[in-house]
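1. all I have is the shape, not the residue letters:
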């Protein structure tokens, strides 16, 4: 993947929540849907249940770091949304990376 494209529009997030395939784990929930483009777009959601702003930011950083390590192995043409869970700000990115890898292999996105 040459460039990371992020999902920012609410309608894109809603489309993934309604029509996307979800994979649930203890630290992150992954929603995946195919798009008509050849690139990968991703978005990260952290709700107020995660904690204060510092914890939500840490959760986003951990998810982003884990995704950047796996991104070169993912097939193009999909939209992905990650939803942080309560444990996310307290774990290392390697734990989240293993879980993401499992989710992507279940979805058939790993080359």
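-> Ah, there it is. What you are looking at is a predicted structure, and each value in this text was computed from that prediction instead of being measured.

2. which one is residue 64 nearest to, not counting chain neighbours?
-> Setting aside the residues directly before and after it, residue 64 is nearest to residue 44 in space (CB to CB, 6 or more residues apart in numbering), at 6.7 Å. Yep, even glycine has a C-beta here, placed from its N, CA and C like the rest.

3. for my notes, confirm the one you found occurs in a strand.
-> Yes. Residue 44 forms part of a strand when assessed by DSSP: H, G, I helix; E, B strand; the rest coil.

4. what is the burial count for it?
-> Residues within reach of residue 44, counting by other CB atoms under 10 Å, total 20.

5. list the beta-bridge partners for it.
-> residue 82 (DSSP bridges).

6. wait, what's in contact with the residue positioned nearest the centre of the chain?
-> Among the residues of the chain, the one closest to the centroid is residue 82, at 3.0 Å (CA atoms, centre = their mean). Contact partners of residue 82, counting by CB atoms under 8 Å, 6 or more residues apart in numbering, are 28-31, 42-45, 63, 67, 100.

7. and with 7 Å instead?
-> 28, 30, 42, 44, 63 (CB atoms under 7 Å, 6 or more residues apart in numbering).

8. can I get these in JSON lines with pLDDT and distance to residue 108?
-> Listed next are the contacts of residue 82 as JSON lines, based on pLDDT from 0 to 100; distance: CB to CB, whole Å:
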{"residue": "28", "pLDDT": "97", "distance to residue 108": "18"}
{"residue": "30", "pLDDT": "97", "distance to residue 108": "13"}
{"residue": "42", "pLDDT": "95", "distance to residue 108": "17"}
{"residue": "44", "pLDDT": "97", "distance to residue 108": "22"}
{"residue": "63", "pLDDT": "96", "distance to residue 108": "21"}
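
9. as TSV, these with distance to residue 51 would be great.
-> Formatted as TSV, the contacts of residue 82 follow (distance: CB to CB, whole Å):
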residue	distance to residue 51
28	15
30	21
42	22
44	15
63	15
